[in-house]
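Colleague: what's the 3D shape of this:
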Amino acid sequence: MDIIEIQNLTKDYGEGRGIFNINLKIKQGEMVGFVGTNGSGKTTTIRCLLGFIKPTSGCAYVKGLETWKNASEVAKSVGYVPGEIAFPDLPTGTAFLKSQAEYFKIKDMSYANSLIEKLQLDTEANLKRMSKGMKQKTALVAALMNNAEILILDEPTTGLDPLMRKSFLDIVKEEHKKGRTIFMSSHMFNEVEETCDKVALISDGHLIDVVDMDKIKNRPSKDFKIEFNNVEDYKKFKTLKYKIIRDQEKYNQVTINIRHKHINNLFKDLKAFDVKFISEVKYTLEKYFKEVLAKQKEEKKNVQ
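Modeller: Numbering: from 1, shown residues only. This is a model prediction of the structure:
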C-alpha cells in the first residue's frame, strides 16, 4: 500500500524557482530519504505534501487523502519536524510539550520522557531563547511523542552536534523498526545512506532519481585501488585486461572495477607482483548520485 503518493506536483514561483512535476510513492513502513543541496526544493515539496501551501498543479496524498483539501485531517497521522522551527508563545519547553500532549490527548508521558533523556534536553529552558540545537531537540520530541503512523522530517539533525545526531538517528531507526513510515530530507548523504530503504534525489526542483539502497550496498562489482612498488609491475599488471577506471602512473597505481565472482582470481594474479598496497574503494550513495547528475548533464549537452 502506498501511504504517501505525490503526483506531478508543481509549485512554480517563477524564474525557474520551485518544484516541477515531482512523482514519488512511499509504501507503508518504508523509510525514504530525500536529498539535495540547499534550495533544491526539498522543503517546498514537504510543505506541499503536508497541505501547508497550494501547488500550482499536481497533488499529493497521505493515506488516500488529498493533502491541500484535508490538511487538518492529514496532520492527525503525521509527526512533523520543520526545517525552520517557530514555537508558540509559551514560556518553556515543558509548557510546549505539555500543550502538545493535551492536543494529542496523551496521558502517559513516559515515552516523551525517555526521548528527552536520550536527547539530553533541558525542557525547563526558555522556549524563545533556546539554541537552534535545543529547539531542534524539542521539536523532535514533539513530533515523536504521539507515536504518529507517519514521520516527516525536514533536515531534522540541523543544529545537532555529532553525538546528538547519532542519538537522533538511533531513535529514528527504532521508530522505523516499529513499522513507522518515515520521509526524511537531508543534505547529508551519509545520514540517509545508513538509515533509509530508498533515497530520492532532487536537483533544481526536479526529481532526478529514486534508488533502492540495496542497489548501492550490494552492487555486483567492487572497486579496488592497487599500488605497485615498481613501474615494471605496474605496467605488467595493466596488460592483464582488468577494467581500469583510474590510472595514476605517477604513483604506479590503478583503480579497477571487478565483479564479485572474479575477486579470487585477482588475488591469485597479484601474487606474481610486488604490491605496495591494495584497498577497496567503497561505493557510496553520494558517488552514485554524482554519476547520475554527470550523466544527465552530458545528455543535456548532447541534445543541445
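
Colleague: what are the bridge partners for Val32, then?
Modeller: As for beta bridges, Val32 partners with Phe183, Lys198 under DSSP bridges.

Colleague: how far away is it from Asp214?
Modeller: 14 Å (Cβ to Cβ, to the nearest Å). The way it works is simple: take the backbone N, C-alpha and C, and place the C-beta from them, glycine included.

Colleague: what sits against Thr37?
Modeller: His187, Ser203 (Cβ atoms under 8 Å, 6 or more residues apart in numbering).

Colleague: ok, now with 10 Å
Modeller: Counting by Cβ atoms under 10 Å, 6 or more residues apart in numbering, Thr37 makes contact with His187, Ile202, Ser203, Asp204.

Colleague: so the second one is in which element?
Modeller: The reference is to Ile202. In this assignment (DSSP states H and E), Ile202 forms part of strand 198-203.

Colleague: Please spell out which residues along the helix or strand following that strand are buried.
Modeller: Toward the C-terminus, strand 198-203 is succeeded by strand 206-212 as the next helix or strand (DSSP H and E). Using 16 or more other Cβ atoms under 10 Å as the test for burial, strand 206-212 gives Leu207, Ile208, Val210, Val211.

Colleague: Closest one of those to Thr56?
Modeller: Leu207 (15.8 Å; Cβ to Cβ).

Colleague: wait, doesn't that closest one sit right on Thr10?
Modeller: No - at 11.4 Å, Leu207 does not count as touching Thr10 under the criterion of Cβ atoms under 10 Å.

Colleague: between the two, what contacts are shared?
Modeller: Ile19, Phe20, Asn21, Ile22.

Colleague: biggest separation within those residues, which pair?
Modeller: Taking Cβ to Cβ, no two of these sit farther apart than Ile19 and Asn21, at 8.2 Å.

Colleague: shared neighbours, the two?
Modeller: Joint contacts of Ile19 and Asn21 (Cβ under 10 Å, 6+ apart) are Ile6, Leu9, Thr10, Gly58, Gly205, His206, Leu207.

Colleague: immediately after the stretch of helix or strand the fourth one belongs to, which helix or strand?
Modeller: In other words, Gly58. Using DSSP H and E, Gly58 sits within strand 57-62. Proceeding N to C from strand 57-62, the next assigned helix or strand is strand 65-66, under DSSP H and E.

Colleague: Direction included, what does that next one pair against?
Modeller: strand 57-62 (antiparallel).

Colleague: Using neighbour counts, pick out the buried residues of the strand it pairs with.
Modeller: Gly58, Cys59, Ala60, Tyr61, Val62.

Colleague: Off-centre distance for the strand holding Ile202?
Modeller: 8 Å (Cα atoms, centre = their mean, to the nearest Å).

Colleague: Could you do stretch 269-277 as well?
Modeller: 39 Å.

Colleague: What is the end-to-end distance of that stretch?
Modeller: By Cα to Cα, to the nearest Å, the extent of stretch 269-277 from end to end equals 14 Å.

Colleague: returning to what we had before: settle it for me: which of Ile19 and Asn21 has more neighbours?
Modeller: Ile19 (27 against 14; other Cβ atoms under 10 Å).

Colleague: how about the strands in the protein?
Modeller: Remark: strands assigned in the chain by DSSP state E are 2-14, 17-27, 31-35, 57-62, 65-66, 78-81, 150-154, 181-186, 198-203, 206-212, 221-228, 243-248, 253-259, 275-281.
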